[in-house]
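>>> Okay, sequence plus prediction incoming.
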Amino acid sequence: MKIIKNHKELLSLPMNDRITKTSLCYIFFINLSIISSSIKKWKMKLISGLKEFLSGSKMNRRILGEWHSDLNDLFTREEIGDVAIIFYDNGQLIYKIKNENKTQVIEMTYKLISNEIISNQPSHPQMEKTIIDSLSDDVLILNYNGRRTRFFRLQYNH
């Protein structure tokens with residue numbers, strides 16, 4: 001009785017040779033290890049994707065740059081007026097409120113968790129949550145306490 005040590009030896013046997021129970025068990029365990037390896041790879045991809053989703057890393061790259069309030073949107077114009085938001089990749093957020101003859105600049109920090117912007121103003125610490133309702137290359141729709149405002153991208157930083 002010849003013991004088959006691997007699948008290559010098994011494949012090299014003439015068709016008329018009998019396959020032993022040991023060989024069949026070995027084939028089973030080889031297939032099981034291949035399946036197990038595939039499951040581990042799939043699991044790693046799933047965990048990696050989940051971490052990326054929860055960290056918002058893809059969204060984080062897409063949100064970077066300068067956004068201006070859409071003054072053609074009546075609600076946005078009445079709710080926040082002429083505003084610019086600049087998202088930097090280091091977690092810095094600049095919020096500019098433009099009035100008739102001056103611009104107020106508020107420096108903040110932010111992080112993204114899923115579709116939420118968690119912002120904080122270091123000079124007046126208080127975490128605020130704003131939901132990203134929609135984000136494309138050109139349009140950003142934010143939802144702050146149920147009030148949806150629309151922004152368009154002025155500058156895109158990759």
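That came through, no problem.

>>> From what I see, residue 89 and residue 63 are in contact.
No: applying Cβ atoms under 8 Å, one finds residue 89 not in contact with residue 63, separated by 9.7 Å. To be clear about C-beta, it is placed using only N, CA and C from the backbone, and glycine gets the same treatment.

>>> okay, those two: which has more neighbours?
The neighbour count for residue 89 versus residue 63, taken as other Cβ atoms under 10 Å, is higher for residue 63 (21 against 12).

>>> ok, the more buried one to residue 71 distance?
Using Cβ to Cβ, to the nearest Å, we find residue 63 at a distance of 21 Å from residue 71.

>>> And for residue 89?
In this structure, residue 89 and residue 71 are 27 Å apart, going by Cβ to Cβ.

>>> Over to residue 135?
20 Å.

>>> and what of residue 44?
Applying Cβ to Cβ to residue 44 and residue 71 gives a distance of 47 Å.

>>> And those two? Which one has more around it.
For residue 44 versus residue 71, neighbours defined as other Cβ under 10 Å are more numerous around residue 71 (14 against 10).

>>> was I right about residue 134 contacting residue 149?
No: assessed by Cβ under 8 Å, residue 134 is found out of contact with residue 149, at 11.3 Å.

>>> which residues in the chain form helices?
Secondary structure of the chain by DSSP state H: the helices cover 7-12, 21-55, 57-63, 74-79.
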